[in-house]
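A.B. asks: Sequence and predicted model, in that order:
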Amino acid sequence: MNELQAIATGVERGKNLEVPEAVKTALNNGIAPYDVLIDGLQAGLLAIGERFKKNQCFIPELLLAARAMKAGMEILRPLLVETGAKPIAKVVLGTVKDDLHDIGKNMVGMMLEGAGFQIIDLGVNVSEEKFAETVKNEKPSILAMSALLSTTAPNLSTTIEILKQTGLRDNIKVLVGGAPITADYAMEIGADGYAPDAAYAIDKTKALL
Amino acid sequence: MKPRARFLKAVKREAPDKVPQLVRWGKEVGERLSSIYGVAGEELGIRVGNDAIVCQVGINAYMEMSIGDLQEGETVTSEWGVVYQRQSGFNNPIAYPLKSREDLKHFVFPDPFADFRMNQVKEVMSKYHEDYAVIVDLSSSLFEPAMAHLRGMENFLLDCYDDPSWAGSLLDGLADYYIQLGLRAVEHGVDIIRIGDDIGTQTGMLIPPDLWRELVMPRIDRMIRAFKKIHPEIIILYHSCGDFRPIIGDLIQLGVEFLSTMQPVGSMNLSEIKKEFGAKVAFKGGLDTQQLLPHGTPAQVRAGVKDLIHTLAVGGGYVFMPAHLLYQDVPVENIWAMLEAVKDYGGYPLKKLR
């Protein structure tokens, strides 16, 4: 148990050099890879996510924690593959057309991946067609879209329209976010959910499943 | 009362004849307004009722107007080595000159003494300074250029933890550059020097206030001291988008007496801020550009302006401005409603609310 606590604390404090060592120690002591993931790495990331929601920590501290988690995952991933552990669900992620901003979107990706989702990140300036095509081919449970500008926010809505027209809308849940986005706006354009930041995005995504 | 006197009186936390105004816009809105009024550039600002003129000489000029000929999707590399791509009326940095921390060793900052940098300042001073306040904009100045232009956001945020002394050297290089540039502007006799970094988000500070105090504050201090040494009365305006309330007290301590953009997000409760800091600092900005101006009705915009004036302009110390440049998502009717409301509600003594 102490080994798992050490991993979680390491992730929470963003110790990217210490976390892989702690993961190795835990595995050497016979703790199952899945438990290292859930009660070690994920517990740490969720803990800092909770602090972030309460404004008790800041964006760089989330980035540090996500980086530490990633360092731990490098060790753990091959073992998890062996044991056949499955991701919670698949999420397609991207910033809408004409918008090149990505730190918010990247943080949502890191947090969701850390929480056990499989992420397909389409990057920035993603057209409606590209989103629709990926939804069709990858069959994700969730489509998560970001818009940072008030001028690009309408592209969230046009993407949802295209999904409707191509008959894909009913198969997925749509989550939206970004500086000018509000819960009301999300509802107005026919999205299923809105999250104000990367930590809340985890809760919202889980709730939509 | 001349616009310059009106503007400077408000900056000195007094009430002039009416609330001064400084409304600014992106290229597309500028073109639209130009076609309506038949004037462009500084004359357009004057035509809509602005009391001050801004000369942008900082690195953000590359994001805003100065390379405005770029077409959507086109890219350009600046003298800093930053690659910008025009998208949605804005030049976005997409590639950074400091790919690794090592690159700083060989990085050459642009020459602050290059002749062309003061061209606009000289012209504006000779043509307009008698009547209009002149602001020289040195933004973005420290944290934001390091993060958003030179190193990349995620990289620089991590650098601040991985190697704070390296982050400090980059900020020192920027401070040195801007001190030289700002001193030249001060020597030209401008009224206000604007320093700015976007260190606020929708919900709070981007970085911990203590990290800002450790890394950024001493460099802002150095800049302000350098300017005040040759002109003790020079007014320092500090700008950040988003929520930067936790460091307003620190900025005042450094000698900042004028704050913008007062975006009404996160803990930026403008009436509390006016109460807490209004005796020491004047404000500019505050009208919501994320919901009210693009999505509101003209009547809602009018009510928003009225409310804002009664929040920030009571007793003076306020310059009207939206919380950002106006972009093409703001309907023209809302721009008219806004300008008209400033005229209708901005006269001192302020009309009673009801």
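C.D. replies: Great, that's in hand. Numbering: from 1, shown residues only, chains lettered A, B, ... in the order given.

A.B. asks: in the stretch 251-354 of chain B, which ranges drop under the pLDDT threshold?
C.D. replies: Applying pLDDT under 70 to the stretch 251-354 of chain B flags residues B:353-354.

A.B. asks: Quick one: the helices in it, in order.
C.D. replies: Remark: helices assigned in the stretch 251-354 of chain B by DSSP state H, counting those that start in this stretch are B:270-277, B:292-295, B:298-312, B:332-345.

A.B. asks: of all the residues in chain A, which ones are close to chain B?
C.D. replies: Counting by C-beta under 8 Å from any C-beta of the partner chain, the positions of chain A adjacent to chain B are A:14, A:55, A:57-61, A:63-64, A:67, A:98-101, A:103, A:106, A:125, A:149-152, A:179-180, A:182, A:196-197. Using the backbone N, CA and C atoms, a C-beta is placed for each residue, glycine as well.

A.B. asks: Apart from its neighbours in sequence, what residue is nearest residue 186?
C.D. replies: All of this refers to chain A. A:Y194 (3.6 Å; C-beta to C-beta, 6 or more residues apart in numbering or on different chains).

A.B. asks: not what I meant, chain B
C.D. replies: B:H231 (5.0 Å).

A.B. asks: got a list of what the residue of the stretch 101-250 of chain B found nearest chain A touches?
C.D. replies: Ranked by C-beta to the nearest C-beta, the top residue of the stretch 101-250 of chain B for proximity to chain A is B:L157, at 4.0 Å. With C-beta atoms under 8 Å, 6 or more residues apart in numbering or on different chains as the criterion, the residues that contact B:L157 are A:59-60, A:63, B:147, B:207.

A.B. asks: In terms of helices and strands, where is it?
C.D. replies: Using DSSP states H and E, B:L157 falls within helix B:153-162.

A.B. asks: CA-only coordinates of that helix, as PDB, when you get a sec.
C.D. replies: C-alpha atoms of helix B:153-162 as PDB (Å, rounded to 0.1, in the frame of the first residue of the first chain):
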ATOM      1  CA  MET B 153       3.100  27.400 -23.800                       C
ATOM      2  CA  GLU B 154       3.500  24.000 -22.400                       C
ATOM      3  CA  ASN B 155       7.300  24.100 -22.700                       C
ATOM      4  CA  PHE B 156       7.700  27.400 -20.900                       C
ATOM      5  CA  LEU B 157       5.200  26.500 -18.200                       C
ATOM      6  CA  LEU B 158       7.300  23.400 -17.500                       C
ATOM      7  CA  ASP B 159      10.600  25.300 -17.800                       C
ATOM      8  CA  CYS B 160       9.500  27.500 -14.900                       C
ATOM      9  CA  TYR B 161       9.600  24.400 -12.700                       C
ATOM     10  CA  ASP B 162      12.400  22.400 -14.300                       C
END
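
A.B. asks: So for the residue nearest the centre of chain B, what's the pLDDT?
C.D. replies: Computing the C-alpha centroid of chain B and ranking residues by C-alpha atoms, centre = their mean puts B:H239 first, at 4.7 Å. B:H239 carries a pLDDT value of 98.

A.B. asks: can you tell me which residues contact it?
C.D. replies: Applying C-beta under 8 Å, 6+ apart, the residues near B:H239 are B:139, B:194-196, B:259-261.

A.B. asks: Buried ones only from those residues, please, as a ChimeraX command.
C.D. replies: Buried residues among those (16 or more other C-beta atoms under 10 Å in any protein chain shown), as a ChimeraX selection:
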select /B:139,194,195,196,259,260,261
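
A.B. asks: Just the ones of the contacts of B:H239 in strands?
C.D. replies: B:194-196, B:259-261 (DSSP state E).

A.B. asks: Can you pick out the most distant pair from these?
C.D. replies: Spanning the widest gap among the ones in strands among the contacts of B:H239 are B:I195 and B:T261, at 13.1 Å by C-beta to C-beta.

A.B. asks: picking up where we left off before, just checking, next helix/strand downstream of the helix holding B:L157?
C.D. replies: Next along from helix B:153-162, by DSSP H and E: helix B:164-187.

A.B. asks: who's in contact with that following helix?
C.D. replies: B:55, B:57-58, B:98, B:101, B:104, B:107, B:109-110, B:112-113, B:117-118, B:121, B:136, B:138, B:141-143, B:145-146, B:150-151, B:156, B:159-160, B:193, B:195, B:214-216, B:219-220, B:222-223, B:226-227, B:230-231, B:234.

A.B. asks: report the angle between the axes of that helix and helix B:153-162?
C.D. replies: Interaxial angle of helix B:164-187 relative to helix B:153-162 (axes from the mean of the first three to the mean of the last three C-alpha atoms, to 10 degrees): 110 degrees.

A.B. asks: list the buried ones in helix B:164-187?
C.D. replies: So helix B:164-187, judged by 16+ other C-beta under 10 Å, has buried residues B:167-168, B:170-171, B:173-179, B:181-186.

A.B. asks: now stretch A:155-168
C.D. replies: A:155-157, A:159-160, A:162-163, A:168.

A.B. asks: any residues touching that stretch, and which ones?
C.D. replies: Contacts of stretch A:155-168 (C-beta under 8 Å, 6+ apart): A:96-99, A:128-129, A:131-132, A:135-136, A:143, A:145, A:147, A:169, A:172, A:174, A:176, A:181, A:189-191.

A.B. asks: Show me just the buried residues among the residues you listed.
C.D. replies: The buried subset of the contacts of stretch A:155-168 (16+ other C-beta under 10 Å) comprises A:96-99, A:128, A:131-132, A:135, A:143, A:145, A:147, A:169, A:172, A:174, A:176, A:181, A:189, A:191.

A.B. asks: In helices, which of these fall?
C.D. replies: Cross-referencing the buried ones among the contacts of stretch A:155-168 against helices under DSSP state H gives A:128, A:131-132, A:135.

A.B. asks: could you redo those as TSV and give each row pLDDT?
C.D. replies: Listed next are these as TSV, based on pLDDT from 0 to 100:
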residue	pLDDT
A:E128	97
A:F131	98
A:A132	97
A:V135	97
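
A.B. asks: ok, these vs chain B, which is closest?
C.D. replies: A:E128 (15.3 Å).

A.B. asks: was I right about that closest one contacting A:L122?
C.D. replies: No. Applying C-beta atoms under 8 Å, one finds A:E128 not in contact with A:L122, separated by 11.7 Å.

A.B. asks: Now do the shared contacts for these two.
C.D. replies: Between them, A:E128 and A:L122 share no contacting residue, judged by C-beta under 8 Å, 6+ apart.

A.B. asks: how about the strands in chain B?
C.D. replies: Counting by DSSP E, the strands of chain B are B:52-56, B:75-77, B:83-87, B:90-95, B:133-137, B:192-196, B:235-239, B:258-261, B:282-285, B:318-319.

A.B. asks: And chain A, what are its domain boundaries?
C.D. replies: A:2-83, A:90-208 (automatic domain parsing).

A.B. asks: Longest helix in chain A, please.
C.D. replies: Chain A, longest helix under DSSP H: helix A:59-83.

A.B. asks: Show me which residues of it are buried.
C.D. replies: A:59-73, A:75-76, A:79-80.

A.B. asks: Check stretch B:56-73 too.
C.D. replies: By neighbour count with 16+ other C-beta under 10 Å, stretch B:56-73 contains the buried residues B:56-65, B:70.

A.B. asks: Need the distance between the two termini of that stretch.
C.D. replies: Taking C-alpha to C-alpha, to the nearest Å, stretch B:56-73 runs 24 Å from one end to the other.

A.B. asks: Close to chain A: what parts of the stretch 1-150 of chain B are there?
C.D. replies: Checking the stretch 1-150 of chain B against chain A by C-beta under 8 Å from any C-beta, the hits are B:72, B:85, B:87-90, B:92, B:94.

A.B. asks: try 10 Å this time
C.D. replies: Where the stretch 1-150 of chain B comes near chain A, counting by C-beta under 10 Å from any C-beta of the partner chain, the residues are B:26, B:28, B:72-73, B:84-94, B:147-148.

A.B. asks: Point me to the residue sitting closest to the centre of chain A.
C.D. replies: A:L112 (2.1 Å).
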